[in-house]
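# quick one: sequence plus predicted model below, questions after.
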Amino acid sequence: MVKILVTGADGQLGSEIRRLANRFQDFHFLFTDINELDLTDQAAVSQFVGQEAPDYIINCAAYTAVDIAEEDTELAALINTKVPALLGKLAQANNIKVIHISTDYVFDGTSFLPYTENDLVNPESIYGKSKLNGEIALLKEAPSAMVIRTSWLYSSHGKNFVKTMVKLGEDRDELRVVADQVGTPTFAGDLAEAILTIISKTKNNVCEWKPGIYHYSNEGVCSWYDFAKAIHELYGINCLVHPIPTEEYPTAAARPPYSVLNKSKIKRIFGVQIPYWRDSLKKCITELKK
Ligand SMILES: NC(=O)C1=CN([C@@H]2O[C@H](COP(=O)(O)OP(=O)(O)OC[C@H]3O[C@@H](n4cnc5c(N)ncnc54)[C@H](OP(=O)(O)O)[C@@H]3O)[C@@H](O)[C@H]2O)C=CC1
Ligand SMILES: Cc1cn([C@H]2C[C@H](O)[C@@H](COP(=O)(O)OP(=O)(O)O[C@H]3O[C@@H](C)C(=O)[C@@H](O)[C@H]3O)O2)c(=O)[nH]c1=O
Ligand SMILES: [Mg+2]
């Protein structure tokens, strides 16, 4: 039986992996979040990994408060950089395969073409920097690891833009949303399925385990403004949304103006099929309305 340790299992992505678990009957999952296993407690993590001896670690734990991170630099670095380094060290010593998640915010967004895994990184925010350093530290410790960068993650669970727009749209008559930051939303359920499919296919020798960096988001492209409009339309919320430039919505952390990810590599190597963002948004909104 394949044993998979999922960290940050109460977050958006972790919860979706939990939900899919029964579709992967030959996997035995160990779901942990901070209450079961505080990843900043090195001794506890070493002991847990030694004792449970998982075959895989899916690291869904992260510090994801982008604006607060600008002040809370140390905690962001601890969770987003030091933890992946520690997991990498343990993975390398114990022959564990790691899938770690990173972000489109490692890019500065000055490109006009979807970013490939080889494109130059240049994070503008503390969060983005801490995530980039986490990728580097993990791959240095465990060259056999995979890093999957994703973007604009949402689900019916937790804190995200979809739920914020539903709440604000119901409370207010008008909203202002930036229209000059362009990327791709990603339904956490789709990413969860892609991750488990990759583990399953590589385990069953359908594909080879190929270490390194991968990009995964839903298909298509939109601005946060387009995304907000789609959320309201699909939910049936009547709210006047105004498109605004970034200067009119000041935030502590800078976001990339363009962070569309090129997903050719993950599709080619693992035969992952990716839904269009609006189709997945529809699924999430159906869940939210239940
Ligand atoms: N959210 C997004 O829009 C995007 C996320 N990503 C990346 O995807 C991954 C998954 O993100 P998502 O599911 O949204 O993240 P969430 O913030 O929803 O979940 C992360 C989980 O990790 C937990 N956690 C925090 N600190 C620790 C700790 N010391 N020990 C154990 N667990 C801890 C969090 O707990 P608590 O909530 O109590 O802090 C939370 O439950 C992350 O790597 C993130 O950087 C990439 C692109 C977009
Ligand atoms: C709520 C709100 C936000 N905005 C803007 C602010 C920002 O530029 C953009 C997105 O807002 P948020 O702060 O919700 O999104 P943000 O926290 O930046 O989302 C990011 O999270 C991290 C974890 C990632 O890794 C990224 O991929 C990305 O998903 O929308 C408006 O213009 N109007 C509004 O009413
Ligand atoms: Mg956020």
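Here it is on my side, so go on. Numbering: from 1, shown residues only. Ligands and ions are numbered 1, 2, ... in the order given.

# stretch 147-157 near ligand 2 at all?
Yes: applying CB under 6 Å from any ligand atom, one finds stretch 147-157 touching ligand 2 at 151-153. The way it works is simple: take the backbone N, C-alpha and C, and place the C-beta from them, glycine included.

# any idea how far apart the tips of that stretch sit?
23 Å (CA to CA, to the nearest Å).

# and Lys201, how far from ligand 1?
Distance, Lys201 to ligand 1, using CB to the nearest ligand atom, to the nearest Å: 21 Å.

# and if you look at Thr202?
Separation of Thr202 from ligand 1 (CB to the nearest ligand atom): 20 Å.

# mind starting the numbering at 24 from now?
Got it, the first residue is 24 from now on, which makes the last one we talked about Thr225.

# in space, what's closest to that residue - neighbours in sequence excluded?
Sequence neighbours aside, Trp232 is the residue nearest to Thr225 in space, at 4.3 Å (criterion: CB to CB, 6 or more residues apart in numbering).

# so who does the one you found touch?
Neighbouring residues of Trp232 by CB atoms under 8 Å, 6 or more residues apart in numbering: 120, 167, 169, 225.

# bridging across strands, which residues link to the residue of the stretch 174-313 of the chain found nearest ligand 1?
The stretch 174-313 of the chain approaches ligand 1 most closely through Leu176 (3.5 Å), counting by CB to the nearest ligand atom. For Leu176, the beta-bridge partners are Thr209 (DSSP bridges).

# look up how far Glu231 lies from it.
Taking CB to CB, to the nearest Å as the measure, Leu176 falls 27 Å from Glu231.

# please apply the same query to Tyr272.
Counting by CB to CB, the gap from Tyr272 to Glu231 is 44 Å.

# comparing the two, which shows the higher neighbour count?
Neighbour count, other CB atoms under 10 Å: between Tyr272 and Glu231, Tyr272 has more, with 13 against 9.

# these two touch, right, that one and Leu198?
No: Tyr272 lies out of contact with Leu198 (CB atoms under 8 Å); the separation is 10.5 Å.

# for ligand 2, what are the nearby residues on this protein?
By the rule CB under 6 Å from any ligand atom, the part of the chain lying against ligand 2 is 87, 89, 126-128, 174-176, 184, 187, 191, 198-201, 204, 247, 272, 274, 278.
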